[in-house]
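Undergrad: just need the structure, nothing else, for what follows:
(one chain, ligands or ions: 1)
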Amino acid sequence: MPTEIRFLTPDDASALWNLRLEALESEPTAFSSSADAHRLLSVDDFRARLSSDPANNFVVGAFDTGQLVGMAGFVRESGQKSRHKGRVWGVYLAARMRGKGVGLGMLSTLLKRAAALEGIEQILISVASVQTAASALYRSLGFVSYGCELRALKVGDRYIDEELMSLPVARQAVDV
Ligand SMILES: CC(C)(COP(=O)(O)OP(=O)(O)OC[C@H]1O[C@@H](n2cnc3c(N)ncnc32)[C@H](O)[C@@H]1OP(=O)(O)O)[C@@H](O)C(=O)NCCC(=O)NCCS
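TA: Below is the predicted model:
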């Protein structure tokens, strides 16, 4: 069975909770959240997250023989002055599935839907500078670096810098 890529529904909440824990435990330098903080959340919290405002807040998943093995989330900013922006979060693929184009497939699916949102002009992502596969993937999709936050994360005694990246998805409004 080939890898299936589709948007998650509230029925995927339990699988998403488990995959998110795997991501935070196996790649602690890749994410600002911690596994300990995740364990305080319930499956119902994830169900609510997958139900709330699905037009502007969604998660794409990759499935291998029916099992959720990859995820990438998108959330649009809600403020009147920031609704032209959205953010990608939680990009993760199980190690055994990497290097076969699945990450690219998930991000392409997510960005196609995000870019189609009325009024969206840029999509942001923060990537730990040590996650070289992820930053190469984002660059290949057109994301450009606009800065670097030094020592953005402290994982144990180790400091992690984060590269701040953005993808322009529509021409900016021009004042006339
Ligand atoms: C980032 C991640 C999802 C990529 O998934 P993937 O399925 O392995 O990536 P793909 O096979 O689709 O590769 C797509 C592109 O990404 C880049 N890439 C992927 N793996 C790479 C690697 N090991 N080294 C360098 N570039 C890499 C390449 O540009 C590649 O295109 P190419 O194959 O034409 O060279 C996966 O590596 C992962 O889960 N990493 C750990 C978690 C993480 O870093 N998350 C990011 C949080 S911001």
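Undergrad: of all the residues in the one helix or strand residue 59 maps to, which ones are buried?
TA: Assigned by DSSP states H and E, residue 59 belongs to strand 57-64. Neighbour counts over strand 57-64 (16 or more other C-beta atoms under 10 Å) mark 57-64 as buried. C-betas here are computed from N, CA, C, even on glycine.
Undergrad: can you tell me which of the residues you listed is closest to residue 18?
TA: Among the buried residues of strand 57-64, residue 61 lies closest to residue 18 (C-beta to C-beta), at 11.8 Å.
Undergrad: what residues does whichever residue of the chain sits closest to the ligand make contact with?
TA: Of all residues in the chain, residue 103 sits closest to the ligand, at 2.2 Å by C-beta to the nearest ligand atom. Counting by C-beta atoms under 8 Å, 6 or more residues apart in numbering, residue 103 makes contact with 70, 91, 93, 133-134, 137.
Undergrad: how about 6 Å then?
TA: 93, 137 (C-beta atoms under 6 Å, 6 or more residues apart in numbering).
Undergrad: what pLDDT does it get?
TA: Residue 103 carries a pLDDT value of 98.
Undergrad: with residue 115 instead?
TA: 96.
Undergrad: what's the neighbour count on the residue nearest to it when sequence neighbours are not counted?
TA: Leaving aside its chain neighbours, residue 115 sits nearest to residue 169 (4.3 Å; criterion: C-beta to C-beta, 6 or more residues apart in numbering). Close neighbours of residue 169, defined as other C-beta atoms under 10 Å, add up to 18.
Undergrad: next: residue 160.
TA: 19.
Undergrad: buried set for the helix or strand hosting it?
TA: Applying DSSP H and E as the criterion places residue 160 in strand 158-168. The neighbour-count criterion (16+ other C-beta under 10 Å) identifies 160, 162-163, 165-167 as the buried residues of strand 158-168.
Undergrad: hmm, that strand in reach of the ligand?
TA: No: Strand 158-168 is not in contact with the ligand by C-beta under 6 Å from any ligand atom; minimum separation 8.6 Å.
Undergrad: how about stretch 115-130?
TA: Yes: using C-beta under 6 Å from any ligand atom, stretch 115-130 comes into contact with the ligand via residue 127.
Undergrad: now stretch 120-134, how far from the centre of its chain.
TA: Averaged C-alpha coordinates place stretch 120-134 at 9 Å from its chain's average position (C-alpha atoms, centre = their mean, to the nearest Å).
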